[in-house]
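A.B. asks: need a 3D model of the sequence below.
(4 chains)
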There are 2 protein chains.
Amino acid sequence: MDALTVHEAAQTTGWSARMLRYIERAGLVVPQRSPAGYRLYSPGELQRLRTLRELLDAHQVALSELGFASRMRTDDDLRGAVQAWFDTQPARPTEVPASDWLRWEQEKHQRLIAATRTPIPQLTEIA
Amino acid sequence: MDALTVHEAAQTTGWSARMLRYIERAGLVVPQRSPAGYRLYSPGELQRLRTLRELLDAHQVALSELGFASRMRTDDDLRGAVQAWFDTQPARPTEVPASDWLRWEQEKHQRLIAATRTPIPQLTEIA
DNA sequence: GATACATTACCACGACCGTGTCAAGGTTAG
DNA sequence: CTAACCTTGACACGGTCGTGGTAATGTATC
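C.D. replies: Residues are numbered from 1 along each chain as shown, chains lettered A, B, ... in the order given. So this is what the prediction gives:
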């Protein structure tokens, strides 16, 4: 009984069923299937889905980026190539690159939440 | 004299000056600056720029994805969080997730090159 | 001091991302 | 056998990515 269908999983994790399928396609949480092809989410996968939301929010990470990380963990070839690239000639001490683009990233995210999110979701108590 | 300006670097690497600035913003190749603020590309950075093109092409990696990889290498916090997430409950043996989305990725890329790229770039040796 | 570069900032544009919704068809349970 | 789920596929839509421009302004070189 510890295997939920998409909509059940959606409700307990906060994602939409649509996004659960999308997340599956990105290779991040891939549930098993029933004989008929229904997605069956195990408790572990449900937990992963919940922490996924936190991970993305906490570090301004995009789903596609995490998908890439997933790819690197499973594709040895890719991981090697990326590592090799980064390890060639850092040349100079790389001084201070981060601060500027970091502000950029943050602004990007603020624009996103400002646009996507339904504005003022909790004004439930109006005296 | 081994430090080129943007346009010089652009010519020897095959990127456009515009893209060199973009790549810098993504944190991938960050050249030093002259006192007046001109970008100065060292030989090592030029090499990185050339291999960057190959890396992206060979493994269907997007600039933003590699930017994320760069972020993970420098942001210990982020790297830890991502690693922790992946390490929690792989639940089932994860069977066979890759094959399907991989086709998806490839198609994505083919659409891209079909649209963006100038067709038939190297037919240099005819007959 | 004019010509040829550099810099940043902004507009444009097609393709993709993250989402929602709907359609057409298969499954499962009362 | 119908109602309530599930599946995949497609259209839509605002926002970002990757890329090219242009404009306004600063710097180097002759």
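A.B. asks: pull up the residues of chain A that are close to DNA strand C.
C.D. replies: A:16, A:18-19, A:22, A:26, A:34-36, A:38, A:62-65, A:67, A:116 (Cβ under 7 Å from any atom of the strand). Every residue, glycine included, has its C-beta placed from N, CA and C.
A.B. asks: need the contact list for the most centrally placed residue in chain A.
C.D. replies: Centroid-nearest residue in chain A, with Cα atoms, centre = their mean: residue A:63, separated by 3.6 Å. Shown in contact with residue A:63 (Cβ atoms under 8 Å, 6 or more residues apart in numbering or on different chains): A:22, A:23, A:26, A:28, A:56.
A.B. asks: for residue A:10, which non-adjacent residue is spatially closest?
C.D. replies: residue A:17 (4.5 Å; Cβ to Cβ, 6 or more residues apart in numbering or on different chains).
A.B. asks: and the one you found, how many neighbours?
C.D. replies: Neighbour count for residue A:17, taken as other Cβ atoms under 10 Å in any protein chain shown: 15.
A.B. asks: list the contacts of it.
C.D. replies: A:6, A:7, A:9, A:10.
A.B. asks: what's the neighbour count on residue A:44?
C.D. replies: Look at residue A:44: counted by other Cβ under 10 Å, it has 15 neighbours.
A.B. asks: name the element it belongs to?
C.D. replies: For residue A:44, the element it lies in under DSSP states H and E is helix A:43-59.
A.B. asks: likewise for residue A:28?
C.D. replies: Per DSSP H and E, there is no helix or strand for residue A:28.
A.B. asks: isn't it up against residue A:53?
C.D. replies: No. Counting by Cβ atoms under 8 Å, residue A:28 does not reach residue A:53; the two are 11.5 Å apart.
A.B. asks: follow-up on the earlier one: ok now the helix holding residue A:44, how far from the chain's centre?
C.D. replies: When C-alpha coordinates are averaged (Cα atoms, centre = their mean, to the nearest Å), helix A:43-59 and its chain have centres 8 Å apart.
A.B. asks: who does it touch, helix- and strand-wise?
C.D. replies: helix A:6-13, helix A:17-25, helix A:63-74, helix B:76-87 (3 or more Cβ pairs under 8 Å, 6 or more residues apart in numbering or on different chains; DSSP states H and E).
A.B. asks: quick revisit: taking the contacts of residue A:17 together, which two end up most distant?
C.D. replies: With distances taken as Cβ to Cβ, the most widely separated pair in these is A:7 and A:9, at 7.2 Å.
A.B. asks: and chain A, which residues reach DNA strand D?
C.D. replies: A:5-8, A:17, A:21, A:33, A:37-39, A:108, A:111-112, A:115-116.
A.B. asks: from these, which would you call buried?
C.D. replies: Neighbour-count burial (16 or more other Cβ atoms under 10 Å in any protein chain shown) applied to those gives A:6, A:39.
A.B. asks: returning to that earlier point: so which of the contacts of residue A:63 is the most crowded?
C.D. replies: residue A:23 (22 neighbours).
A.B. asks: least confident secondary structure element in chain A?
C.D. replies: When each helix and strand of chain A is scored by mean pLDDT, DSSP states H and E, helix A:98-116 comes last, with a mean of 71.
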